[in-house]
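Novice: Need a 3D model of the sequence below.
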Amino acid sequence: MGPLEALWASLETLPQIQGEETGQMARITTGKIRSLSVATLLPTTPAVAAPTQYVTISDGTSIAINMQMPEDYVEGKSYPTIFEMSGYDGGSSDGTTPFGLVGDGSRGITAPYEKDYITIHASVRGTGCSSGEFDLFSWRSALDGREVVERIADQPWSNGKVGIYGHSYGGITGTMIAATRPPHLTAVTVSGLIDDMYRGMVYPGGVSNYGFPLLWTGLIRNIYDVGGGTYPGLAAGDPQCAANVATHRRVVVNDPIIQGLADTDNTWFQSRSLINYVERIEVPVHISGANQDEQTGPRGPYHLWEALQGVPKRLMMSNGDHGTQTNPEFQADRLAWMDHWIRGEDNGFGSWKPGRKRTPTSVVSLFETQGGQSGGKPPRVVELSGR
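Specialist: As a prediction, the model looks like this:
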(Lines give C-alpha, C1' and ligand atoms only; values in the text may rest on other atoms or scores of the structure.)
Protein backbone atom coordinates (compact mmCIF):
# COMPACT_ATOMS: atom_id res chain seq x y z
CA MET A 1 0.00 0.00 0.00
CA GLY A 2 1.45 3.37 -1.05
CA PRO A 3 1.37 6.56 1.05
CA LEU A 4 -1.76 7.96 -0.61
CA GLU A 5 -3.74 4.73 -0.34
CA ALA A 6 -2.71 4.47 3.31
CA LEU A 7 -3.76 8.09 3.84
CA TRP A 8 -7.31 7.57 2.62
CA ALA A 9 -7.56 4.36 4.63
CA SER A 10 -6.36 6.07 7.81
CA LEU A 11 -8.81 8.96 7.43
CA GLU A 12 -11.69 6.49 7.61
CA THR A 13 -10.97 6.17 11.34
CA LEU A 14 -11.16 9.93 12.02
CA PRO A 15 -14.24 11.97 12.96
CA GLN A 16 -16.52 12.24 9.97
CA ILE A 17 -17.92 15.11 7.91
CA GLN A 18 -21.64 15.39 7.40
CA GLY A 19 -23.27 15.20 3.98
CA GLU A 20 -20.26 15.24 1.64
CA GLU A 21 -20.92 14.86 -2.06
CA THR A 22 -18.19 13.38 -4.25
CA GLY A 23 -14.42 13.33 -4.72
CA GLN A 24 -11.41 11.24 -3.87
CA MET A 25 -12.15 11.47 -0.14
CA ALA A 26 -15.78 10.37 -0.49
CA ARG A 27 -15.13 7.26 1.54
CA ILE A 28 -14.86 9.37 4.74
CA THR A 29 -18.38 10.75 4.42
CA THR A 30 -20.58 8.34 6.33
CA GLY A 31 -20.63 9.99 9.77
CA LYS A 32 -22.08 13.14 11.23
CA ILE A 33 -20.79 15.92 13.44
CA ARG A 34 -22.85 16.27 16.59
CA SER A 35 -24.56 19.57 17.37
CA LEU A 36 -22.51 22.35 18.88
CA SER A 37 -23.29 23.88 22.22
CA VAL A 38 -25.94 26.58 21.82
CA ALA A 39 -24.39 29.05 24.24
CA THR A 40 -23.95 32.51 22.75
CA LEU A 41 -20.48 33.96 22.28
CA LEU A 42 -20.48 37.38 23.89
CA PRO A 43 -19.18 40.39 21.90
CA THR A 44 -15.88 41.74 23.21
CA THR A 45 -13.70 44.70 22.29
CA PRO A 46 -10.83 45.40 22.29
CA ALA A 47 -8.73 42.22 22.18
CA VAL A 48 -6.98 41.19 25.37
CA ALA A 49 -3.92 38.98 25.87
CA ALA A 50 -5.97 36.00 27.04
CA PRO A 51 -8.92 34.00 25.70
CA THR A 52 -12.19 35.92 25.67
CA GLN A 53 -14.36 32.86 25.08
CA TYR A 54 -14.25 29.06 24.84
CA VAL A 55 -16.08 26.89 22.33
CA THR A 56 -16.87 23.31 23.34
CA ILE A 57 -16.93 21.20 20.21
CA SER A 58 -18.60 17.86 19.50
CA ASP A 59 -16.09 15.58 21.22
CA GLY A 60 -15.96 17.76 24.35
CA THR A 61 -12.69 19.55 23.53
CA SER A 62 -12.57 23.17 24.69
CA ILE A 63 -11.19 25.55 22.03
CA ALA A 64 -9.89 28.91 23.24
CA ILE A 65 -10.80 31.90 21.09
CA ASN A 66 -10.07 35.62 21.19
CA MET A 67 -12.81 37.78 19.69
CA GLN A 68 -12.83 41.45 18.78
CA MET A 69 -15.74 43.40 17.37
CA PRO A 70 -15.36 45.95 14.51
CA GLU A 71 -14.14 49.44 15.31
CA ASP A 72 -17.60 50.95 14.84
CA TYR A 73 -19.52 48.05 16.36
CA VAL A 74 -23.22 48.71 16.92
CA GLU A 75 -25.10 46.34 19.18
CA GLY A 76 -27.88 44.58 17.30
CA LYS A 77 -26.16 44.87 13.92
CA SER A 78 -24.71 41.81 12.20
CA TYR A 79 -21.23 41.61 10.68
CA PRO A 80 -19.02 39.29 8.64
CA THR A 81 -16.19 37.53 10.45
CA ILE A 82 -12.52 36.88 9.72
CA PHE A 83 -11.33 33.67 11.39
CA GLU A 84 -7.72 32.59 12.02
CA MET A 85 -6.62 29.43 13.82
CA SER A 86 -3.10 28.27 14.71
CA GLY A 87 -0.95 26.83 17.46
CA TYR A 88 0.84 30.11 18.18
CA ASP A 89 -0.83 32.87 20.23
CA GLY A 90 -4.24 31.98 18.78
CA GLY A 91 -6.91 32.33 21.44
CA SER A 92 -4.70 34.66 23.48
CA SER A 93 -3.75 36.93 20.60
CA ASP A 94 -3.63 40.68 21.27
CA GLY A 95 -1.27 41.83 18.51
CA THR A 96 2.06 41.11 20.20
CA THR A 97 4.53 38.26 20.11
CA PRO A 98 5.92 36.44 23.16
CA PHE A 99 8.68 39.04 22.99
CA GLY A 100 6.26 41.96 23.19
CA LEU A 101 6.78 43.21 19.65
CA VAL A 102 3.61 45.03 18.65
CA GLY A 103 2.11 44.00 15.32
CA ASP A 104 3.94 40.71 14.92
CA GLY A 105 1.37 38.48 16.59
CA SER A 106 -1.65 36.92 14.89
CA ARG A 107 -3.76 40.01 15.54
CA GLY A 108 -1.10 42.14 13.94
CA ILE A 109 -1.65 40.45 10.59
CA THR A 110 -5.45 40.62 10.76
CA ALA A 111 -5.43 44.30 11.78
CA PRO A 112 -6.53 45.49 8.29
CA TYR A 113 -9.85 43.70 8.84
CA GLU A 114 -10.72 45.25 12.20
CA LYS A 115 -12.64 48.17 10.73
CA ASP A 116 -15.40 46.18 9.05
CA TYR A 117 -15.13 42.62 10.35
CA ILE A 118 -15.41 40.74 13.60
CA THR A 119 -11.98 39.12 14.00
CA ILE A 120 -11.66 35.82 15.85
CA HIS A 121 -8.46 33.93 16.59
CA ALA A 122 -8.42 30.38 17.96
CA SER A 123 -5.85 27.98 19.40
CA VAL A 124 -5.77 24.50 17.89
CA ARG A 125 -6.45 21.68 20.32
CA GLY A 126 -3.61 20.88 22.66
CA THR A 127 -2.03 24.34 22.33
CA GLY A 128 -2.44 27.64 24.16
CA CYS A 129 -5.48 27.54 26.42
CA SER A 130 -7.33 24.93 24.35
CA SER A 131 -7.69 21.45 25.79
CA GLY A 132 -6.91 18.11 24.18
CA GLU A 133 -4.19 16.26 22.34
CA PHE A 134 -1.87 18.21 20.06
CA ASP A 135 -1.33 16.71 16.63
CA LEU A 136 0.45 18.93 14.10
CA PHE A 137 -1.61 19.88 11.02
CA SER A 138 -4.08 17.06 11.67
CA TRP A 139 -7.45 16.49 10.03
CA ARG A 140 -8.99 16.40 13.51
CA SER A 141 -7.80 19.97 14.11
CA ALA A 142 -9.30 20.98 10.77
CA LEU A 143 -12.66 19.56 11.83
CA ASP A 144 -12.39 21.58 15.03
CA GLY A 145 -12.00 24.70 12.92
CA ARG A 146 -15.01 23.73 10.83
CA GLU A 147 -17.15 23.49 13.94
CA VAL A 148 -15.96 26.88 15.20
CA VAL A 149 -16.77 28.48 11.82
CA GLU A 150 -20.30 27.14 11.99
CA ARG A 151 -20.64 28.23 15.61
CA ILE A 152 -19.62 31.76 14.59
CA ALA A 153 -22.19 31.87 11.78
CA ASP A 154 -24.95 30.92 14.24
CA GLN A 155 -24.37 33.92 16.52
CA PRO A 156 -26.78 36.89 16.62
CA TRP A 157 -23.97 39.33 15.73
CA SER A 158 -22.96 37.32 12.65
CA ASN A 159 -24.41 37.89 9.18
CA GLY A 160 -23.57 34.28 8.35
CA LYS A 161 -20.48 35.03 6.27
CA VAL A 162 -17.11 33.83 7.55
CA GLY A 163 -13.75 34.26 5.85
CA ILE A 164 -10.53 32.45 6.72
CA TYR A 165 -7.25 34.36 6.95
CA GLY A 166 -3.97 32.61 7.63
CA HIS A 167 -0.24 32.93 7.23
CA SER A 168 2.29 30.12 7.74
CA TYR A 169 0.97 27.97 10.63
CA GLY A 170 -2.39 29.72 10.38
CA GLY A 171 -2.33 29.48 6.58
CA ILE A 172 -1.77 25.73 6.57
CA THR A 173 -4.41 25.21 9.26
CA GLY A 174 -6.84 27.54 7.49
CA THR A 175 -6.44 25.72 4.17
CA MET A 176 -7.22 22.40 5.83
CA ILE A 177 -10.27 23.91 7.54
CA ALA A 178 -11.48 25.18 4.17
CA ALA A 179 -11.10 21.64 2.79
CA THR A 180 -13.67 20.42 5.34
CA ARG A 181 -16.21 22.60 3.51
CA PRO A 182 -17.88 24.57 6.31
CA PRO A 183 -21.30 25.60 4.92
CA HIS A 184 -20.88 29.23 6.00
CA LEU A 185 -17.31 29.69 4.79
CA THR A 186 -17.40 32.39 2.12
CA ALA A 187 -13.80 33.13 1.06
CA VAL A 188 -10.18 32.38 1.98
CA THR A 189 -6.84 34.20 1.92
CA VAL A 190 -3.80 32.16 2.92
CA SER A 191 -0.03 32.43 2.58
CA GLY A 192 3.25 30.82 3.63
CA LEU A 193 2.00 27.38 2.55
CA ILE A 194 3.66 23.98 2.22
CA ASP A 195 2.12 21.74 -0.44
CA ASP A 196 3.78 18.43 0.45
CA MET A 197 5.30 17.98 3.91
CA TYR A 198 7.77 15.37 2.70
CA ARG A 199 8.81 16.74 -0.71
CA GLY A 200 8.39 20.42 0.03
CA MET A 201 9.82 20.63 3.54
CA VAL A 202 11.47 17.62 5.18
CA TYR A 203 13.23 16.15 2.13
CA PRO A 204 13.20 18.81 -0.63
CA GLY A 205 14.76 17.37 -3.76
CA GLY A 206 15.42 14.17 -1.85
CA VAL A 207 17.87 15.88 0.51
CA SER A 208 17.35 15.86 4.27
CA ASN A 209 16.46 19.31 5.58
CA TYR A 210 17.99 19.61 9.04
CA GLY A 211 17.54 23.37 9.14
CA PHE A 212 14.21 25.12 9.67
CA PRO A 213 12.03 22.02 10.30
CA LEU A 214 14.09 21.03 13.35
CA LEU A 215 14.41 24.61 14.57
CA TRP A 216 10.67 25.19 14.23
CA THR A 217 9.39 21.95 15.76
CA GLY A 218 11.91 21.89 18.58
CA LEU A 219 12.06 25.56 19.53
CA ILE A 220 10.11 28.23 17.64
CA ARG A 221 6.67 26.59 17.74
CA ASN A 222 6.98 25.88 21.45
CA ILE A 223 8.03 29.45 22.27
CA TYR A 224 5.07 30.92 20.42
CA ASP A 225 2.67 28.31 21.79
CA VAL A 226 3.67 28.60 25.44
CA GLY A 227 4.75 32.25 25.47
CA GLY A 228 2.03 33.57 23.18
CA GLY A 229 -0.88 31.20 23.75
CA THR A 230 -0.61 29.53 27.16
CA TYR A 231 1.18 31.97 29.45
CA PRO A 232 -1.13 34.99 28.90
CA GLY A 233 -4.17 32.93 29.89
CA LEU A 234 -2.51 31.53 32.98
CA ALA A 235 -1.11 34.93 33.95
CA ALA A 236 -4.60 36.40 33.70
CA GLY A 237 -5.80 33.87 36.27
CA ASP A 238 -8.18 32.18 33.82
CA PRO A 239 -9.38 28.97 35.56
CA GLN A 240 -10.66 27.48 32.28
CA CYS A 241 -7.23 27.95 30.72
CA ALA A 242 -5.55 26.24 33.69
CA ALA A 243 -7.99 23.32 33.52
CA ASN A 244 -7.47 22.95 29.75
CA VAL A 245 -3.68 23.10 29.97
CA ALA A 246 -3.80 20.24 32.47
CA THR A 247 -5.31 18.03 29.74
CA HIS A 248 -2.55 18.67 27.20
CA ARG A 249 -1.03 15.48 25.87
CA ARG A 250 0.76 14.21 22.80
CA VAL A 251 1.24 10.82 21.17
CA VAL A 252 4.96 10.29 20.60
CA VAL A 253 4.49 8.72 17.15
CA ASN A 254 2.82 11.94 15.99
CA ASP A 255 5.84 14.05 16.91
CA PRO A 256 7.18 15.62 13.70
CA ILE A 257 10.78 15.19 14.81
CA ILE A 258 10.24 11.46 15.30
CA GLN A 259 8.53 11.20 11.93
CA GLY A 260 11.34 13.19 10.36
CA LEU A 261 13.75 10.36 11.14
CA ALA A 262 12.09 8.30 8.39
CA ASP A 263 13.92 8.44 5.06
CA THR A 264 10.88 7.70 2.91
CA ASP A 265 7.47 9.20 2.41
CA ASN A 266 4.68 7.80 4.56
CA THR A 267 1.07 8.27 5.62
CA TRP A 268 1.99 10.68 8.42
CA PHE A 269 3.49 13.16 5.95
CA GLN A 270 0.74 12.77 3.36
CA SER A 271 -2.11 13.16 5.85
CA ARG A 272 -0.61 16.57 6.67
CA SER A 273 0.05 17.65 3.07
CA LEU A 274 -2.29 20.29 1.66
CA ILE A 275 -1.87 19.01 -1.89
CA ASN A 276 -4.10 16.06 -0.91
CA TYR A 277 -6.92 18.29 0.35
CA VAL A 278 -6.96 21.56 -1.56
CA GLU A 279 -9.11 20.33 -4.47
CA ARG A 280 -11.96 19.89 -1.97
CA ILE A 281 -12.25 23.64 -1.35
CA GLU A 282 -15.45 25.15 -2.74
CA VAL A 283 -15.06 28.90 -2.11
CA PRO A 284 -12.88 31.68 -3.63
CA VAL A 285 -9.23 31.39 -2.56
CA HIS A 286 -6.38 33.93 -2.57
CA ILE A 287 -2.91 32.36 -2.21
CA SER A 288 0.28 34.37 -1.80
CA GLY A 289 3.94 33.52 -1.35
CA ALA A 290 7.54 34.64 -1.73
CA ASN A 291 10.15 33.18 -4.05
CA GLN A 292 12.89 33.30 -1.42
CA ASP A 293 10.77 32.12 1.52
CA GLU A 294 13.37 30.70 3.91
CA GLN A 295 10.83 28.89 6.08
CA THR A 296 8.07 27.26 4.07
CA GLY A 297 9.73 27.55 0.67
CA PRO A 298 8.43 28.89 -2.67
CA ARG A 299 6.93 25.80 -4.33
CA GLY A 300 3.81 25.37 -2.20
CA PRO A 301 1.78 28.38 -3.40
CA TYR A 302 2.29 27.51 -7.07
CA HIS A 303 1.33 23.84 -6.73
CA LEU A 304 -1.66 24.49 -4.51
CA TRP A 305 -3.00 27.26 -6.74
CA GLU A 306 -2.80 24.89 -9.71
CA ALA A 307 -4.59 22.16 -7.77
CA LEU A 308 -7.58 24.39 -6.91
CA GLN A 309 -10.39 23.58 -9.32
CA GLY A 310 -13.74 25.16 -10.12
CA VAL A 311 -13.49 28.18 -7.79
CA PRO A 312 -12.26 31.77 -8.24
CA LYS A 313 -8.57 31.81 -7.39
CA ARG A 314 -5.79 34.36 -7.29
CA LEU A 315 -2.05 33.77 -6.90
CA MET A 316 0.16 36.63 -5.73
CA MET A 317 3.93 36.05 -5.69
CA SER A 318 6.96 38.24 -5.08
CA ASN A 319 10.64 38.24 -4.39
CA GLY A 320 11.02 38.28 -0.64
CA ASP A 321 11.19 36.25 2.55
CA HIS A 322 8.64 34.52 4.76
CA GLY A 323 7.22 37.77 6.07
CA THR A 324 6.73 39.41 2.68
CA GLN A 325 3.23 37.98 2.27
CA THR A 326 1.95 40.14 5.14
CA ASN A 327 3.52 43.38 3.86
CA PRO A 328 1.38 46.34 2.74
CA GLU A 329 1.22 45.44 -0.97
CA PHE A 330 0.02 41.94 -0.16
CA GLN A 331 -2.31 42.96 2.65
CA ALA A 332 -4.10 45.47 0.43
CA ASP A 333 -4.70 42.87 -2.26
CA ARG A 334 -5.82 40.24 0.23
CA LEU A 335 -8.25 42.64 1.90
CA ALA A 336 -9.67 43.65 -1.49
CA TRP A 337 -10.21 39.97 -2.31
CA MET A 338 -12.08 39.29 0.91
CA ASP A 339 -14.12 42.50 0.63
CA HIS A 340 -15.12 41.48 -2.89
CA TRP A 341 -16.40 38.01 -2.08
CA ILE A 342 -17.65 38.58 1.48
CA ARG A 343 -18.88 42.19 1.54
CA GLY A 344 -19.84 42.43 -2.13
CA GLU A 345 -17.49 45.27 -3.05
CA ASP A 346 -16.68 45.51 -6.75
CA ASN A 347 -12.90 45.18 -6.64
CA GLY A 348 -12.47 43.79 -10.13
CA PHE A 349 -12.24 40.09 -9.36
CA GLY A 350 -15.25 39.11 -11.44
CA SER A 351 -18.42 37.25 -10.52
CA TRP A 352 -19.03 33.61 -9.83
CA LYS A 353 -21.68 31.05 -9.03
CA PRO A 354 -20.91 27.52 -7.79
CA GLY A 355 -20.95 25.05 -10.66
CA ARG A 356 -20.00 27.63 -13.25
CA LYS A 357 -17.61 26.14 -15.81
CA ARG A 358 -15.37 29.18 -16.12
CA THR A 359 -14.23 30.90 -12.96
CA PRO A 360 -12.30 34.15 -12.37
CA THR A 361 -8.58 33.34 -12.26
CA SER A 362 -5.63 35.69 -11.87
CA VAL A 363 -1.90 35.67 -11.19
CA VAL A 364 0.03 38.67 -9.86
CA SER A 365 3.83 38.93 -9.65
CA LEU A 366 5.47 41.77 -7.72
CA PHE A 367 9.10 42.55 -8.49
CA GLU A 368 11.80 44.65 -6.85
CA THR A 369 10.23 44.68 -3.41
CA GLN A 370 12.78 45.16 -0.66
CA GLY A 371 12.12 44.43 2.99
CA GLY A 372 8.41 44.41 2.31
CA GLN A 373 8.48 47.91 0.87
CA SER A 374 9.14 49.13 -2.64
CA GLY A 375 12.08 51.41 -1.96
CA GLY A 376 9.76 54.41 -2.23
CA LYS A 377 8.66 53.30 -5.70
CA PRO A 378 5.56 51.32 -6.65
CA PRO A 379 6.48 47.67 -7.34
CA ARG A 380 6.52 46.51 -10.92
CA VAL A 381 3.45 44.36 -11.42
CA VAL A 382 2.71 41.66 -13.96
CA GLU A 383 -0.88 40.42 -13.85
CA LEU A 384 -2.32 37.62 -15.94
CA SER A 385 -6.08 37.27 -15.70
CA GLY A 386 -8.58 34.76 -16.99
CA ARG A 387 -12.34 35.01 -16.90
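Novice: Between the two ends of stretch 263-271, what distance do you get?
Specialist: 17 Å (Cα to Cα, to the nearest Å).
Novice: hey, what's Val162 bridged with?
Specialist: Under DSSP bridges, the beta-bridge partners of Val162 are Thr81, Leu185.
Novice: ok, it to Pro182 distance?
Specialist: Distance, Val162 to Pro182, using Cβ to Cβ, to the nearest Å: 7 Å. Quick note: C-beta positions are derived from backbone N, CA and C, even for glycine.
Novice: Quick check: neighbours shared by the two?
Specialist: Contact criterion Cβ atoms under 8 Å, 6 or more residues apart in numbering; residues shared by Val162 and Pro182: Val149.
Novice: Could I get the contacting residues of the residue nearest the centre of the chain?
Specialist: The centroid of the chain falls nearest to Gly174 when counting by Cα atoms, centre = their mean (2.2 Å). Shown in contact with Gly174 (Cβ under 8 Å, 6+ apart): Phe83, Glu84, Met85, Gly145, Ile164, Tyr165, Gly166, Val188, Val190.
Novice: quick one: which of these is nearest to Thr267?
Specialist: Nearest to Thr267 out of the contacts of Gly174 is Gly145 (Cβ to Cβ; 21.7 Å).
Novice: That closest one falls within a helix, correct?
Specialist: Yes. Judged by DSSP: H, G, I helix; E, B strand; the rest coil, Gly145 forms part of a helix.
Novice: And the nearest residue to it once chain neighbours are set aside, how close does it get to Met317?
Specialist: Distances taken as Cβ to Cβ, 6 or more residues apart in numbering place Ile177 nearest to Gly145, at 3.5 Å, with adjacent residues excluded. The span separating Ile177 from Met317 equals 23 Å under the rule Cβ to Cβ.
Novice: Looking at the two, which one has more neighbours?
Specialist: Comparing Ile177 with Met317 by other Cβ atoms under 10 Å, the one with more neighbours is Ile177, at 30 against 24.
Novice: residues near Ile172, how many?
Specialist: Neighbourhood size, Ile172 [other Cβ under 10 Å]: 26.
Novice: what's the helix or strand for it?
Specialist: helix 169-179 (DSSP states H and E).
Novice: ditto for Ala242
Specialist: Using DSSP H and E, Ala242 sits in helix 239-245.
Novice: Quick check: buried residues in that helix?
Specialist: By 16 or more other Cβ atoms under 10 Å, the buried positions in helix 239-245 come out as Cys241, Asn244, Val245.
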